[in-house]
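Trainee: Need coordinates for the following:
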Amino acid sequence: MLKEFKNFIMTGNVIDLSVAVILGAALNAVINGFVKEIAMPFVGHFVGGADFSQLKIVLDEAVIDATGKVVTPENSINYGSWINTIINLVMVGLVLFIIVKAYNKTKKPVEAPAPAGPSEIDLLTEIRDALKK
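Mentor: Alright, predicted model coming up:
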């Protein structure tokens, strides 16, 4: 059983998958950093400096006692964070699209192999011969 497990782990597919997961995590950090630190300030600038993360609908105000201590925290729908998440998703998708497109340009085009089987002339000859009979 140990030998089977070793053979399973040492196959190319498992090693390729583990490398892909590690690289994916690193790429995720790079792309999220780009989106948060470079792209989102531009988005905020073009929408008038709005910080979407602060947008919310307050359902219940926070209850504060006489000493200033919060007795009951505020209950709110923080839709601004959700808007930020959607914008991040679109921007991450755009960055990944650009990366994949650039990668695909570096690959050589693969020529499709010739179809196997008889050619059109052979098929037409067979049909002609069958019609003659």
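Trainee: Just the helices from the protein, written as ranges.
Mentor: Assigned by DSSP state H, the chain shows helices spanning 2-9, 12-34, 40-46, 79-106, 120-132.
Trainee: out of the ones you listed, nearest to residue 58?
Mentor: helix 79-106 (11.5 Å; Cβ to Cβ). Every residue, glycine included, has its C-beta placed from N, CA and C.
Trainee: and the closest one, which residues are buried?
Mentor: By 16 or more other Cβ atoms under 10 Å, the buried positions in helix 79-106 come out as 80, 84, 87-88, 91-92, 95.
Trainee: Stretch 9-21 now?
Mentor: Using 16+ other Cβ under 10 Å, none of the residues of stretch 9-21 count as buried.
Trainee: what does it contact?
Mentor: If you take Cβ atoms under 8 Å, 6 or more residues apart in numbering as the criterion, stretch 9-21 is touched by residue 8.
Trainee: what's the average pLDDT for it?
Mentor: Computed over stretch 9-21, the mean pLDDT rounds to 75.
Trainee: Likewise for stretch 86-106?
Mentor: pLDDT averaged over stretch 86-106 gives 84.
Trainee: still on that earlier bit, would you mind giving the helices of the chain as a markdown table with distance to residue 58 added?
Mentor: Formatted as a markdown table, those follow (distance: least, Cβ to Cβ, whole Å):
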| stretch | distance to residue 58 |
| --- | --- |
| helix 2-9 | 53 |
| helix 12-34 | 29 |
| helix 40-46 | 23 |
| helix 79-106 | 12 |
| helix 120-132 | 73 |
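Trainee: List just the one of those helices that sits closest to residue 54.
Mentor: So among those, helix 79-106 is nearest, using Cβ to Cβ, at 5.7 Å.
Trainee: Please tell me how far the spatially most central residue of the chain sits from residue 13.
Mentor: For the chain, the residue sitting closest to the mean C-alpha position, by Cα atoms, centre = their mean, is residue 93 at 5.6 Å. Going from residue 93 to residue 13 by Cβ to Cβ, to the nearest Å gives 27 Å.
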